[in-house]
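Colleague: Structure for this input, please:
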Amino acid sequence: MGFSNSVSKMFGIIAKCKFPKIIQKNINKTYVNAFNINMSEFKPLEEYESLNALFTRTLLKERELENGFISPSDGKILELGSGFQNDLKENLAFSIKGSSYSIEELLKNSASKEELENGIDYVNIYLSPKDYHHYHAPCNMQILSATYMSGALFSVSEAKLAKIINLYTKNERVVLKCLIDGKFTLWMVFVGALNVGKMHFTFDTSIQTNAANFDFTHTYEDLFVKKGQRLGNFELGSTIVLITQKGFLKFSKNAYEQVEFSKKIADFA
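Modeller: Residues are numbered from 1 along each chain as shown. As a prediction, the model looks like this:
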């Protein structure tokens, strides 16, 4: 386990500490003010008994879902576009903040060459410390598998993405492979980051992140989820990369736009 993993684990322990109410209230207030968090959809800050409880706050009421393919989380789009075959025709690549990624390396055994041969469309959503940290199903879909890949926990901030080559493939991540309408595949890549002590998944509590030094895949039978259904949460902020087989989605957003869970980011082609 690397230094960043150890730091993140320690931060997670500290964040779960429950201080006396007056001290905790001031800690929470400092955090909310520092990141300019809009608390209008959540319980008052003094009701959270630890920083971790504030990080993982839940909505007081469900948001109304827009039509189409919705954002699975709150956050900021750093990049979106289409993948392409490189000159050697060996794999597919896509670019985020000027760094080219091999799809096969990012997804590992979650995707076959046949599934990727016609290209991909993708969108990269960065969740900052101020964002609502839960993630949801962007549409009705079937979850086929969850693959955990151990790795480092580098920061996924825009500055770090520009400095560390292929950062996402170095970091710990969980890839959900999903089937939509029995027609095309969606990969949801949840990337761990510095101070993200854990990633949780509601449908499989046995997935433990920042814990194992080996990779594994869990497969599921008849695991169907509805659009908007909560899939889990980060502890603190991180990144979700959505990858689909090319031509099935038409994204309606642009890079650097803020997005919210429940709001449409693409139409079905």
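Colleague: So what does the residue most central in space within the chain look like in phi/psi?
Modeller: Nearest to the mean C-alpha position of the chain, by Cα atoms, centre = their mean, lies Ile240 at 2.8 Å. The phi/psi pair for Ile240 (degrees, to the nearest 10) reads phi -120, psi 120.
Colleague: same question, Ile27
Modeller: Backbone torsions of Ile27, given as degrees, to the nearest 10, read phi -60, psi -50.
Colleague: which ones are touching it?
Modeller: Shown in contact with Ile27 (Cβ atoms under 8 Å, 6 or more residues apart in numbering): 19, 51. No exception for glycine: its C-beta is placed from N, CA and C like everyone else's.
Colleague: what does Met39 give?
Modeller: Residues counted as contacts of Met39 (Cβ under 8 Å, 6+ apart) are 32, 45.
Colleague: Number the residues from 485 up from this point.
Modeller: Sure thing, new numbering starts at 485, so read that last one as Met523.
Colleague: any idea how far the residue nearest to the centre of the chain is from Leu564?
Modeller: 12 Å (Cβ to Cβ, to the nearest Å).
Colleague: which neighbours do those two share?
Modeller: With Cβ under 8 Å, 6+ apart as the test, Ile724 and Leu564 both reach Asn608.
Colleague: if we can go back for a sec, report the beta-bridge partners for the residue nearest to the centre of the chain.
Modeller: With DSSP bridges as the criterion, Ile724 is bridged to Ile609, Phe674.
Colleague: wait, it sits on Tyr619?
Modeller: Yes. Counting by Cβ atoms under 8 Å, Ile724 does reach Tyr619; the two are 6.3 Å apart.
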